[in-house]
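A.B. asks: Okay, sequence plus prediction incoming.
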Amino acid sequence: MLRTNGVTRVLGGRRVLDDLSLTVPEHGRVGIVGRSGAGKSTLLSLIAGLDTPDEGSISVGLADCALMPQRDCLLPWRTALDNACLALENRGVPRTEARERAHPLFVRLGLAGSEELLPAKLSGGMRQRVAFARTLLADKRVLLLDEPFGALDAITRSELQEWLADALTDEPRTVLLVTHDVEEALLLCDRVLVLGNGRITAEFDVDVPRVRTDLAFVELRERALKAIA
Amino acid sequence: MRPAILFAALIGVWEAVVKLAHVQDYVFPAPTAVARALYDDRGLLGSATLVTVRELALGYLLAVAGALVIAIALHFSAALRRALLPLLVLSQTVPTVLLAPILAIVLGYGIEPKLVVVAIVCFFPIVVNAVDGLRAADPELIRMMRTLHGSRLAIFRRVEFPGALPAIFSGARIAATYAAVGAVFGEWAGSSAGLGFVILQAQPALETARIFAAVIVLSALALALYGIVSLTERILVPWHA
């Protein structure tokens, strides 16, 4: 479980987060949507333990969370599989053993055949998959996804959203997704919170079929979009 | 192809001017005289080249190793960076040609002072580029490493150092062009062999064509070292091609 309690963060004299409390149940998936500058990335940095709140408390820290940033952040000098193994090697697992342990997940995530390719040879979608494999292999109980497909074109993004939904069903984790894409949040999460001026301004339970063209899904998306506006 | 044509044209003009103006070979030899010296003195130049190559290669390796150790130490310690960097800059203001005789007195007339002179001439561009390269690591990559259990050492090994390699090689390529000059300065300060020694011996004998021939061999050595460093970079830094 992930819980923030009355978290406030002031940056440059502005309350970017203002007394914010939220809970993500164990293996639950919560999405945070909001306009640019609403405080989404600040919240993730605090939860990931990369920054500290001015007030309030957070139940997890750097040791519990794996962060998947918007940019894939693959190291250009390491092959795809070696990039995925980073967390294992950082924990002292020898490279050969780390590769053996990472390979089954690599295959499950549809990356078989690209093990030895350098990131420059991978498509944007493949790079994000490798970044996701790297995040999962950090073996932390909380996944923080920061606009994970924000840098991709619309078609690839749509494909990867469906792929990620399946991957998270196979590899259940406690997930906090930050995105400006309401549809993405509704497709991937059980609950969607709208962040505005550093506070939660609306909450939606995703109790509709996760099909983009389904009428109930479209209505929920419209309600969420109105809440952001 | 164009540089080759320009080079051939310059050689042609040089030959023509020397021949038409009846300049004596000992004053300024024509390219054909230099070529003749290269062939006639091949035994002398060959054995001298072996001596200089040894000084140049070992001195250059010393420079690379020393520069990397210094750059890494400066990267990890801001206090050391503040204290040592001005001294390193100061070391470059001392003319090497004056430093070489002092080193010969201190270290003797063996290979050691030559290695130190080559290393002093070469290490600075590598240190400066390496320090800049290490500091230029992408903060997002470092942040990503911190969320993946990355220790300070892991961040250095897996992000900062590989990321700095292109900059380190830029410095190493610049340094490669200085190494031959360093070896000659070292030999001028006291030696009995090497291309610098050949030049020193040829000067009072007015064997100007031999001096030119030795200079051509030195240039070829510098170019070869540059080529080796560039090739090593291609092999070790394939993502930066």
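C.D. replies: Received the coordinates, thanks.
A.B. asks: Next up, the contacts around the residue nearest the centre of chain B.
C.D. replies: Central residue of chain B (C-alpha atoms, centre = their mean): residue B:179, 2.4 Å from the mean position. Residues counted as contacts of residue B:179 (C-beta atoms under 8 Å, 6 or more residues apart in numbering or on different chains) are B:56, B:59, B:60, B:63, B:118, B:121, B:122, B:222, B:225. Backbone N, C-alpha and C define where each C-beta goes, glycine included.
A.B. asks: now do residue A:181
C.D. replies: Residue A:181 neighbours (C-beta under 8 Å, 6+ apart): A:33, A:147, A:149, A:150, A:157.
A.B. asks: How about the contacts made by residue B:166?
C.D. replies: With C-beta under 8 Å, 6+ apart, residue B:166 has these contacts: B:133, B:233, B:237, B:240.
A.B. asks: rerun that using 7 Å as the cut-off
C.D. replies: Residues near residue B:166 by C-beta atoms under 7 Å, 6 or more residues apart in numbering or on different chains: B:237, B:240.
A.B. asks: what's the answer for the one 4 residues further on, then?
C.D. replies: Residue B:170 makes contact with residue B:129 under the criterion C-beta under 7 Å, 6+ apart.
A.B. asks: Now do it, the pLDDT please.
C.D. replies: With respect to pLDDT, residue B:170 scores 96.
A.B. asks: same deal with residue B:78?
C.D. replies: At residue B:78, the pLDDT recorded in the model is 91.
A.B. asks: just the one 3 residues further on next, same as before
C.D. replies: In this model, residue B:81 is scored at 91, pLDDT.
A.B. asks: Repeat that for residue B:92.
C.D. replies: 85.
A.B. asks: again, but for residue A:198
C.D. replies: For residue A:198, pLDDT reads 88.
A.B. asks: Can you show me the strands along the chain?
C.D. replies: Defaulting to chain A. Here chain A has its strands, by DSSP state E, at A:2-11, A:14-24, A:29-33, A:55-58, A:65-68, A:142-146, A:174-179, A:191-196, A:199-205.
A.B. asks: Including mean neighbour count, could those go into CSV?
C.D. replies: Shown next, in CSV, are these (neighbours: other C-beta atoms under 10 Å in any protein chain shown):
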stretch, mean neighbour count
strand A:2-11, 17
strand A:14-24, 18
strand A:29-33, 25
strand A:55-58, 15
strand A:65-68, 25
strand A:142-146, 24
strand A:174-179, 25
strand A:191-196, 22
strand A:199-205, 15
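A.B. asks: need the ones you listed in CSV with distance to chain B, can you?
C.D. replies: Putting the strands of chain A into CSV (distance: least, C-beta to the nearest C-beta, whole Å) gives the following:
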stretch, distance to chain B
strand A:2-11, 15
strand A:14-24, 17
strand A:29-33, 18
strand A:55-58, 15
strand A:65-68, 4
strand A:142-146, 8
strand A:174-179, 13
strand A:191-196, 21
strand A:199-205, 24
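A.B. asks: was I right about residue A:211 contacting residue A:220?
C.D. replies: No: taking C-beta atoms under 7 Å as the definition, residue A:211 is not a contact partner of residue A:220, at 11.5 Å.
A.B. asks: what's the least confident helix or strand in the chain, going by average pLDDT?
C.D. replies: Looking at chain A here, since you left the chain open. Lowest by mean pLDDT, DSSP states H and E among the helices and strands of chain A is helix A:154-170, with a mean of 84.
A.B. asks: if you could check chain B rather than the one you did, that'd help
C.D. replies: Going by mean pLDDT, DSSP H and E, chain B bottoms out at helix B:96-107, a mean of 87.
A.B. asks: can you pull the buried residues of it?
C.D. replies: B:96, B:99, B:100, B:103, B:104, B:107 (16 or more other C-beta atoms under 10 Å in any protein chain shown).
A.B. asks: what's the last one in contact with, if anything?
C.D. replies: What it means is residue B:107. B:113, B:116.
A.B. asks: Likewise for the fifth one?
C.D. replies: Residues counted as contacts of residue B:104 (C-beta under 7 Å, 6+ apart) are B:113, B:189, B:190.
A.B. asks: what's across from the residue nearest in space to the middle of chain A in the sheet?
C.D. replies: Compute the mean C-alpha point of chain A, and by C-alpha atoms, centre = their mean the closest residue is residue A:145, 1.2 Å away. Assessed by DSSP bridges, residue A:145 has beta-bridge partners residue A:68, residue A:177.
A.B. asks: In this structure it contacts residue A:68, no?
C.D. replies: Yes: counting by C-beta under 7 Å, residue A:68 is a contact partner of residue A:145 at 4.9 Å.
A.B. asks: that older thread, sort out which of the contacts of residue B:104 are buried, if you could.
C.D. replies: Looks like those have B:113, B:189, B:190 buried, using 16+ other C-beta under 10 Å.
A.B. asks: The last one contacts residue B:109, correct?
C.D. replies: Going back to what we said before, that points to residue B:190. Yes: judged on C-beta under 7 Å, residue B:190 makes contact with residue B:109 at a distance of 4.7 Å.
A.B. asks: In helices, which of the contacts of residue B:104 fall?
C.D. replies: Counting by DSSP state H, the contacts of residue B:104 place residue B:113 in helices.
A.B. asks: Can I get the contacts of residue B:104 in CSV including distance to chain A?
C.D. replies: Below are the contacts of residue B:104 laid out as CSV (distance: C-beta to the nearest C-beta, whole Å):
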residue, distance to chain A
B:113, 38
B:189, 42
B:190, 45
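A.B. asks: can I get the contacts of residue B:104 in CSV with pLDDT and distance to residue B:142?
C.D. replies: CSV is the format used below for the contacts of residue B:104 (pLDDT from 0 to 100; distance: C-beta to C-beta, whole Å):
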residue, pLDDT, distance to residue B:142
B:113, 92, 42
B:189, 87, 46
B:190, 85, 49
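A.B. asks: Could you export stretch A:73-83 as CSV, keeping only the C-alpha atoms?
C.D. replies: What follows is stretch A:73-83, C-alpha atoms only, in CSV (Å, rounded to 0.1, in the frame of the first residue of the first chain):
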residue,chain,number,x,y,z
CYS,A,73,16.5,7.1,-20.0
LEU,A,74,18.2,4.0,-21.5
LEU,A,75,21.9,4.1,-21.3
PRO,A,76,23.1,4.3,-25.0
TRP,A,77,26.2,2.2,-24.3
ARG,A,78,24.3,-0.8,-22.9
THR,A,79,22.4,-3.3,-24.9
ALA,A,80,18.6,-3.6,-24.4
LEU,A,81,19.0,-6.6,-22.1
ASP,A,82,21.8,-5.0,-20.2
ASN,A,83,19.7,-1.9,-19.7
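A.B. asks: outside of that stretch, which residues touch it?
C.D. replies: A:99, A:102-103, A:106, A:111, A:114-120, A:122, A:127, A:130-131, A:134, B:140-141, B:144, B:158-159, B:162, B:239.
A.B. asks: Fine by me, we can end here.
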